[in-house]
Each structure stands twice: as structure tokens, then as C-alpha cells.
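Trainee: Here you go, sequence then predicted model.
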Amino acid sequence: MVTTDLITRARAGDGGAFRELTEPHRRELQVHCYRMLGSFQDAEDALQDTLLSAWQGLGGFQERASVRTWLYRIATNRCLNVLRSASRRRAREWDVPGVEPPEPTRLGEVVWLEPYPEALLEGTTEVPLGPEARYEQSESISLAFVTALQVLPARQLAVLILRDVLGYHADEVAEMLDSTVHSVNSALKRARVGLQHRLAPTGGQEPPPAPDSPAEQALVAKFVRAYESGDVDALVALLTADVSVSMPPIPFEYQGLDAVARFYAGLFGHGRTYDLVPTQANGQPAFGAYPHAPAGGTRSGAGLVVLTLTGDRISALTRFDTDVLPSFGLPLSLPE
């Protein structure tokens, strides 16, 4: 009855009733848009477009499904429009003055990837999931998972998230996408194959330590000491044999201990040292990095570094540019 009353009032132009109707779903819709688009800024834009479309289209809401499902339908289709537009963030050139990077192992495809601030994830990992869900909410927001999603064709991407992450039934997804159950099931089958091809096999990998556990804190503390002092050997000792370094929107990627060691030897060369300011992104430890400057100078941020942990080692380091720092409440520069 409460929902029906809010819908009636909102249809009559009551903006407060509309906000009360949609606010409980706002944060999870933003996370949904982030999974689909891989970019925090694009997700926020898609969320605003979703809410505007819902406000304008409320008169056509027939209440066959819940408000939440109706909003997911709108959000999914707005994200599909973004994916079809091909107006994604483009790759940038190497941007660290005085450092000549080694030849990359490969060039990354998902240059538009951005991290998601942990503070905005509060409560979203506890949203109600349908019986079809196959992934834990924490796993489905990890950088590795979101990156793997981005290389799927748009329709397959939408189907996999709605079915395997959110747990909607095939007939519900077909309704959301104006499709058929057969088409949804076919797209899901192809999407699962594509996703598993992109995700690293986990059979021989240890799980990461629990968040904020003594094991995680100890590993992170070792990383901070090595990184802030520019100690390449100490840093490499913390890495897995198949460690990877990526840095969207710069497409360079380095794979394996030797390649990563060469990369950090160049980054830490000439006595270059950093201060790290801790935060969290995508459920993972992260740090704003600020290189030391000459006495009295301002230290401009060098980006955000996100760690992927495996057992008692670091299996991936992802460095994002300085544009993302304000989203994490971090300054663009620090005084010396």
C-alpha cells in the first residue's frame, strides 16, 4: 500500500514521493551501471539518465513487476545505449615525466576502466538476489571481474549480469530486454564461456585474506614500506610469479615477475620515492600515490594504485590516473 501511494503521488508530480520511491535502489543501480560500463563516471551519468527516464515514464509503469525490477530494466537499456554509442574514454599516452617505461608485455583493451569507491559500496553487497545468482556480490565488483565483463558483447554482458549476478529468471530478463527466453538463454551460454576465458583460472590460487584481517594488514604494510622507499627487491618479493601491472587509460600492461620488476626499477629510478594514502576500491586495498618533490614544492598525485591479493602475495597492481582521486576523497596534490 505504501508503494502504491508513493506511485500515485509521484504520478501527480510529487518529486518527494518519487525520491522516496527510488532512493532505496539508487546505490545498487549505480553499481549495476558500473558493472555494465566499467567506468565510475559513466555509471553515474547512466544512473542520472535512468532516474530522469523513470520520472518521465512513470505514467507508463503498469506495475506488472516491482519498482526495483522496472528501474533495472531502464538502467540496463540506458547502459546498452551507452555501449552502442562507442563514445568511451580513449587511451592516453605514458604520463610520468622523467621515466621511460620498458616495452610492455601487451596492450590492454579496457582503457576506460575506472575503480569504484568502497565508501559507495556500503549496503550494496547485501541487496536481495534472485535464485539464479551464481556470484557473490563481493566477487562481482572486483576489478578482475569487472574487467572481464567489459570484453563481452553488449547484449551478452547485460544478460550475464541480470542472470548470474542479480539472479533474475530468464523470463524476467527477456521482458527487460524485449527479447525471448530462448535468445536470453543462448546469450547467457555464450557469455559464460567468454567470461571464463577472460578470468584467470582459480583452481591453483589461494583466496585473498579476509578484509581488514591481520594477514591482509601485514601484507599491505609490507607493500607500503617497499613502495614508499622505492625498494624494488622488497616489492618483487611480495608478488606472485604471474603478477600483472596495468594502468588504464594508458594501455601498457606488464605480466610476470621479470617484466614487473623492470617496470618498477624504472619508476623508482633516480631515487624517486612516494607517499601512499590508504583507501579502498572495489573491495580491494588501494592507495593514492604522491611522489616526493623538492623542498617546499607541491606533490601532485601520481594516481591511485589498487592491489589484488592472492593468499599472502599480490597478484595484480592496477594504477589509475589522478582523475579518480577526488571520487575517493583524496586530494589532487599534497603540500611538501
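Mentor: Cool, the structure landed. What you are looking at is a predicted structure, and each value in this text was computed from that prediction instead of being measured.

Trainee: you'd agree Gln30 is up against Glu44?
Mentor: Yes: applying Cβ atoms under 8 Å as the test, Gln30 and Glu44 come out as touching, 6.6 Å apart. (Glycine included, C-beta is placed from N, CA and C.)

Trainee: higher neighbour count, these two?
Mentor: Counted by other Cβ atoms under 10 Å, Gln30 and Glu44 do not tie: Gln30 has more neighbours, with 22 against 16.

Trainee: Please name the residues that touch the residue lying closest to that one once chain neighbours are set aside.
Mentor: In space, not counting the residues next to it along the chain, Gln30 is nearest to Leu47; the distance is 4.7 Å by Cβ to Cβ, 6 or more residues apart in numbering. Listed by Cβ atoms under 8 Å, 6 or more residues apart in numbering, the contact partners of Leu47 are Arg26, Leu29, Gln30, Cys33, Ala75.

Trainee: Drop anything exposed from the residues you listed.
Mentor: Taking 16 or more other Cβ atoms under 10 Å as the criterion, what is buried in the contacts of Leu47 is Leu29, Gln30, Cys33, Ala75.

Trainee: any idea which element Ser53 lies in?
Mentor: With elements taken from DSSP states H and E, the one containing Ser53 is helix 40-57.

Trainee: next helix or strand past that helix?
Mentor: Later in the chain than helix 40-57, the nearest helix or strand by DSSP H and E is helix 67-85.

Trainee: so what secondary structure elements neighbour the next helix-or-strand element following that following helix?
Mentor: Next in sequence after helix 67-85, counting helices and strands by DSSP H and E, comes strand 106-107. Counting contacts by 3 or more Cβ pairs under 8 Å, 6 or more residues apart in numbering; DSSP states H and E, strand 106-107 packs against strand 250-255.

Trainee: need the next SSE after the worst-scoring helix or strand of the chain on mean pLDDT, C-terminal direction.
Mentor: Across the helices and strands of the chain, the lowest-confidence element by mean pLDDT, DSSP states H and E is strand 298-300, at a mean of 80. Sequence-wise, the next helix or strand downstream of strand 298-300 (DSSP H and E) is strand 303-310.

Trainee: can you tell me how far Gly38 sits from Tyr116?
Mentor: If you measure Gly38 against Tyr116 using Cβ to Cβ, to the nearest Å, the figure is 10 Å.

Trainee: go on, Tyr72?
Mentor: When distance is defined by Cβ to Cβ, Tyr72 is 18 Å away from Tyr116.

Trainee: residues making contact with the helix or strand containing His197?
Mentor: Per DSSP H and E, His197 falls inside helix 181-198. Contact partners of helix 181-198, identified using Cβ under 8 Å, 6+ apart, comprise 147-149, 151-152, 155-157, 159-160, 163-164, 170-171, 173-174, 177.
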